[in-house]
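S.K.: Fold the following.
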Amino acid sequence: MDAKFINPFLIATQNVFKTMLSTHINIGKPSLKANNLALGEVTGVTGFTGDKKGTFTLSFSKESAAYIYKSMIGEDVATINSDVVDAIGELTNIISGQIRVELEKIGVNLSASLPTVIVGQNVAISFITRLPVIALPFNFDDRGTMRQLFIDFSFE
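M.R.: Numbering: from 1, shown residues only. Here you go, the predicted model:
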């Protein structure tokens, strides 16, 4: 896949984390996924249609999802509950919107579905495209502990 299609995902994710969560995230090396398993335990999923069709996922460990909730709401949580799921859905929606803004800058216009959030380990995500899935790993500092998040996407 052309880097011009990867950059909007990187830029949008970094910008949303910086402005909305006051969190700097570091980008890992993009790669092609060998399977369709979500790499986290709390995963937001959004479909794209328009000039291209595809799927975007944003996946966190439970600890990372709890950090996101605390950053957004200001409250600690001990478990993944419906409020945390809602927060991850909202974050998925916001990043999806910023991705679409970045893609519009290169002439690609997309609409997005409302996000669905899936909670569980080793969850298989069926992407609607036949093209390879790109995996974008990120990490961030959670009070001295490095946490990860993963974006997977494919569109044609």
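
S.K.: Surely residue 125 is in contact with residue 47?
M.R.: No: counting by C-beta atoms under 8 Å, residue 125 does not reach residue 47; the two are 11.1 Å apart. (Glycine included, C-beta is placed from N, CA and C.)

S.K.: residues bridging contact with the two, i.e. touching both?
M.R.: Listed as contacting both residue 125 and residue 47 by C-beta atoms under 8 Å, 6 or more residues apart in numbering are residue 55.

S.K.: Where is the longest helix in the protein?
M.R.: helix 82-104 (DSSP state H).

S.K.: ok, residue 122 to residue 41 distance?
M.R.: 9 Å (C-beta to C-beta, to the nearest Å).

S.K.: typo on my end, it should be residue 134
M.R.: 21 Å.

S.K.: what's the answer for residue 49, then?
M.R.: From residue 49 to residue 41 the distance is 28 Å (C-beta to C-beta).

S.K.: More neighbours: those two, which one.
M.R.: Remark: of residue 49 and residue 41, residue 41 carries more neighbours, 19 against 13, as counted by other C-beta atoms under 10 Å.

S.K.: which ones are touching that one?
M.R.: Shown in contact with residue 41 (C-beta under 8 Å, 6+ apart): 59, 60, 61, 62, 65, 80, 119, 120, 121.

S.K.: would you list every one of the strands in the chain?
M.R.: Ranges of strands within the chain are 25-27, 31-32, 42-50, 54-60, 110-112, 116-119, 134-142, 145-155, based on DSSP state E.

S.K.: Cheers, nothing more for now.
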